[in-house]
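Student: Sharing a model that was predicted from the sequence below.
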Amino acid sequence: MVAAGKAAPAMAAEAVQYFGTALQGGLVIAPTPASACGPSIRTLTASHPEPDVRSERAGRAALDLVDMAAADADVIVLLSGGASSLMAVPASGLLLEEKSLATRVLLHAGADIVALNTVRKHLSRIKGGWLAARTKARCRTFIISDVIGDDMTVIASGPTVADPSTYADALRVLDAHGGRRAYPDAVVRVLDEGDRGERDDTPKPGDARLRRSEAVVIGGRREAMRGAEQMARSLGYRVIVQESAVIGEARVAAEDYFARMSRDVASADRPLCVISSGETTVKVTGQGRGGRNQEFALAAVPLVAGRTGMALASVGTDGIDGPTDAAGAIVESTTLDRARAAGLGDPTHYLSLNDAYHFFDPIGDLVRTGPTGTNVGDLQVLLIT
């Protein structure tokens with residue numbers, strides 16, 4: 001068994017209970033220390049959202065483990081959000097630091113997860129199907145999705161499924177997010193060599209090495225919305241669930257969200273709960289602190305101001321929003337007035353600095369849950385009384 005991601009400890013514990021003595025050994029890779037699952041299960045801690053030396057050590061351990069599996073064995077792979085960073089084995093001729101810098105540039109440029117993982121797969125020896133291609137055994141993968149559309153080639157950078165993207169696609173991502181000069185020379189060289197056919201591309205659909213690999217998504221953002229819906233109904237709210245995903249740049253997505261919400265709730269009975277989910281991006285131009293959920297909430301402050309009986313929360317289901325200790329933030333009708341009373345000034349100023357954290361923290365409107373042990377994207381909950 002190889003379990004990697006924010007939900008890895010919980011998924012691994014279930015697998016150990018299910019398979020019992022049939023499980024010959026395993027590896028659990030998580031962003032925080034996890035309790036041991038059993039005497040034959042090794043647990044490693046690695047880095048997220050950017051890989052570090054622990055991530056490379058974990059990635060190599062995963063490759064070594066599947067190499068050992070006999071042809072008549074099953075390799076069980078349990079994947080969840082964060083695994084792309086937690087398992088990192090750079091392509092030959094590339095240093096982990098160079099790959100990490102490329103990831104950082106893409107994140108700051110506002111690259112979405114599809115673009116980000118297209119590049120990651122082509123700078124790796126474990127992503128994009130390579131993990132499954134290494135084993136002689138049958139490979140069975142169970143996935144908790146943090147990706148809109150549940151695309152298994154994107155979730156965790158698809159280490160056990162065929163990859164339709166190419167080196168040329170990865171180069172186009174660099175061109176669209178700052179240009180090739182913004183990235184380490186070694187990163188551009190690896191992608192150029194691959195595009196010229198000097199490096200093997202990731203295993204493609206129909207590759208014989210993946211004929212014994214199968215994968216299935218077992219959970220995602222819709223399960224989170226169903227859970228929120230059940231809780232809201234138990235509290236007496238009428239509930240509207242918006243199935244379409246909240247995506248795009250966070251500050252723009254907040255405006256789009258309210259335009260859509262206004263149409264949906266105009267004649268709805270009160271009290272009302274509107275539930276949505278998705279994953280936005282942030283183009284970082286300032287030096288502030290925050291994450292995409294906090295930025296979404298900050299952009300919503302003037303939209304909610306003065307609307308009596310309205311509150312909006314945007315949170316990451318992993319309990320971690322950007323490089324902060326908050327999961328997200330809450331905005332309600334008095335937020336703007338309370339911020340002004342605290343001497344914080346105009347929220348648009350904080351938005352220009354990408355500094356939502358220091359807007360919400362002084363007025364107590366950050367949501368702090370701590371790591372939740374899973375990740376299915378972001379959740380928005382709007383309450384209207």
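Tutor: Received it, and whenever you're ready, just let me know what you need.
Student: so for the lengthiest strand in the chain, what's the average pLDDT?
Tutor: For the chain, the strand reaching the highest residue count under DSSP state E is reported as strand 272-281. Taken as a whole, strand 272-281 has an average pLDDT of 96.
Student: Give me the distance between it and the centre of its chain.
Tutor: 15 Å (CA atoms, centre = their mean, to the nearest Å).
Student: With stretch 360-376 instead?
Tutor: The answer for stretch 360-376 is 16 Å, by CA atoms, centre = their mean.
Student: and Thr166, backbone torsions?
Tutor: Here is the backbone geometry of Thr166 (degrees, to the nearest 10): phi -130, psi 170.
Student: Could you find the closest non-adjacent residue to it?
Tutor: Nearest residue to Thr166, sequence neighbours excluded (CB to CB, 6 or more residues apart in numbering): Asp201, at 6.1 Å. C-betas here are computed from N, CA, C, even on glycine.
Student: ditto for Lys136
Tutor: Using CB to CB, 6+ apart, the closest residue to Lys136 is Ala71 (4.3 Å).
Student: So the one you found is in contact with Ala137, correct?
Tutor: Yes - using CB atoms under 8 Å, Ala71 is in contact with Ala137, at 6.2 Å.
Student: With neighbour numbers in mind, choose between these two.
Tutor: The neighbour comparison of Ala71 against Ala137 (other CB atoms under 10 Å) goes to Ala137, with 20 against 9.
Student: Look up how far Leu27 lies from the nearest residue to that one once chain neighbours are set aside.
Tutor: Distances taken as CB to CB, 6+ apart put Ala69 closest to Ala137, at 3.8 Å, once the chain neighbours are dropped. As judged by CB to CB, to the nearest Å, Ala69 and Leu27 stand 12 Å apart.
Student: May I ask which helix or strand of this protein has the lowest mean pLDDT?
Tutor: helix 250-265 (a mean of 89; mean pLDDT, DSSP states H and E).
Student: in stretch 326-338, what's buried?
Tutor: Residues of stretch 326-338 classed as buried: 326-332, 335-336 (neighbour count, 16 or more other CB atoms under 10 Å).
Student: tell me the two of those residues that are most distant?
Tutor: Within the buried residues of stretch 326-338, Ala327 and Leu336 form the most distant pair, 21.9 Å apart (CB to CB).
Student: so Thr43 touches Thr32, yeah?
Tutor: No - because the distance of 10.7 Å does not satisfy CB under 8 Å, Thr43 is recorded as not touching Thr32.
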